[in-house]
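# fold the following and give me the result.
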Amino acid sequence: MHNALLAKGNYGSEELTMFQETARRFMQTEVAPNVLKWDEQGHVDRELWNKAGEVGLLCPSIPVEYGGGGGDFAFEKVLIEEQAKAGCSAWGLSLHNGIVAHYILHYGTEDQKKSWLPKLASGEYVSAIAMTEPGTGSDLQSVRTTAIADGDDYVINGSKVFITNGQQADLIIVVAKTNPTEKAKGVSLIVVETPKVSGFRRGRNLEKVGMHGQDTSELFFENVRVPKTNLLGKSEGMGFMQLMQQLPQERLIVALAGVAAMELALDITTQYCKDRKAFGRSIIDFQNTRFKLAEARTEATLARVFVEKCTEMLIAGKLDPATAAMSKYWITDKQFEIIDLCLQLHGGYGYMNEYPISRLWRDSRVQRIYGGTNEIMKELIGRFL
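Residues are numbered from 1 along each chain as shown. From the prediction side, this is the model:
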């Protein structure tokens, strides 16, 4: 089913096949062997970004004239899936490639794109986007971080939390209020190049239930001055609209990771059930085991068909916010349900950290929270009914 779907549309190109081979080789040689090390140290090695840039895995869907690979979202999809197959949740690659770079591509001036995108594509810069604040969560209209005009600069004050790539980021898109008296109309996106400013401080690398190898940080801005030319968009107050326009792609990225994780979990668990003996026979020979795996594989296949359709819609410019929200909420709910079943079928060994299923289980829980909680997704879908 998967391969047949991939033969459609933009997926069938020779360039994409070659890219997938490069991505798979890189993930298996540079990523998979380091997963446990990164879990212990709380972040990926900084040189991983540079190595990825050297082989063309950074910004593959950014035009060639800005240092990218010149592909479409199908190339991002390949990276998400190959990273999942390597059992790695530590590397904030899809955020860097599929989210931050696209804000700059879609809303940046020509000078901004020429200045920043090649650095993201080479790995010279690691990127992040600072949305969430203590107390705001998904309510982006109510952010309290401010970026107040002062001469030719903006002066940024505030704090952010749960920021992926926060410990390593050199370029951060900050969601801030340029007009604190307004709600959505007061929100703007301001780019901060951390090596070039003073008053910026990284807080803790937060300890999480799962995704132990991914640096997720507090960030603090204390009178951080950046030039007004770091505003994304033609004028102030466009930030909320920009966020809403880009969130469908972000939510599809979360859904794609969810499908890849549940497929990996099912592959691991099916093999475990064939190998593991109980009461003189393989676990898979018990009807309950076969039926549970059959149900889960069916649901994973439905999820796969859904994300393939959503990917086609996104590439065609037709993925609407409600459908993206449906993919994010339903698939991540199903992801956790299926991976929880897979852990159960492992018995006591499933609860041991040395078994990959335990990490998949821990890492899956947050999928229902970030990118907008699944409750927010249902609220959004409901508005389009």
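# so for stretch 233-253, mean pLDDT?
For stretch 233-253, the mean pLDDT works out to 94.
# which parts of it are buried?
Within stretch 233-253, the residues that count as buried by 16 or more other Cβ atoms under 10 Å are 233, 236-240, 242-243, 246-253. For glycine as for every other residue, the C-beta is placed from the backbone atoms N, C-alpha and C.
# which residues touch the helix or strand harbouring H102?
Here H102, judged by DSSP states H and E, is contained in helix 101-107. For helix 101-107, contacts defined as Cβ atoms under 8 Å, 6 or more residues apart in numbering pick out 59, 61-63, 66, 68, 112-113, 116-117, 120-121, 127, 129, 173, 189, 191, 232-233, 238, 242, 245-246, 249.
# and the closest residue to E222 other than its chain neighbours, what does it touch?
Among residues not flanking E222 along the chain, G199 sits closest, at 4.4 Å (Cβ to Cβ, 6 or more residues apart in numbering). Neighbouring residues of G199 by Cβ under 8 Å, 6+ apart: 156, 221-225.
# and those residues, which are buried?
156, 221, 224-225.
# inside strands: which ones of the residues you listed?
With strands taken from DSSP state E, the overlap with these comprises 156, 221, 224-225.
# pick out the most distant pair among these.
Pairwise distances across these (Cβ to Cβ) peak at 10.2 Å, for the pair F221 and R225.
# overlap of the contact sets of these two?
Taking Cβ under 8 Å, 6+ apart as the criterion, F221 and R225 both touch 156, 199.
# using the three-state scheme, assign E354.
coil (DSSP: H, G, I helix; E, B strand; the rest coil).
# what does the one 4 residues further on give?
Under the three-state scheme (three-state DSSP), S358 adopts helix.
# distance of it relative to L266?
Remark: distance between S358 and L266 (Cβ to Cβ, to the nearest Å) = 15 Å.
# list the buried residues for the one helix or strand S159 maps to?
Here S159, judged by DSSP H and E, is contained in strand 153-164. Buried residues in strand 153-164, counted by 16+ other Cβ under 10 Å: 153-164.
# cool, and stretch 68-81?
Using 16+ other Cβ under 10 Å as the test for burial, stretch 68-81 gives 68-69, 71-81.
# keeping just the C-alphas, turn that stretch into PDB.
Output in PDB follows, covering the C-alpha atoms of stretch 68-81 (Å, rounded to 0.1, in the frame of the first residue of the first chain):
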ATOM      1  CA  GLY A  68      18.200  24.600  -0.300                       C
ATOM      2  CA  GLY A  69      17.500  21.400  -2.300                       C
ATOM      3  CA  GLY A  70      14.800  22.800  -4.500                       C
ATOM      4  CA  GLY A  71      12.300  20.000  -3.800                       C
ATOM      5  CA  ASP A  72       8.700  20.000  -2.500                       C
ATOM      6  CA  PHE A  73       7.200  18.800   0.800                       C
ATOM      7  CA  ALA A  74       7.700  15.200  -0.300                       C
ATOM      8  CA  PHE A  75      11.400  15.600   0.500                       C
ATOM      9  CA  GLU A  76      10.500  16.700   4.000                       C
ATOM     10  CA  LYS A  77       8.200  13.700   4.400                       C
ATOM     11  CA  VAL A  78      11.000  11.300   3.500                       C
ATOM     12  CA  LEU A  79      13.300  12.800   6.200                       C
ATOM     13  CA  ILE A  80      10.600  12.600   8.900                       C
ATOM     14  CA  GLU A  81       9.900   8.900   8.100                       C
END
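# no more questions from me, cheers.
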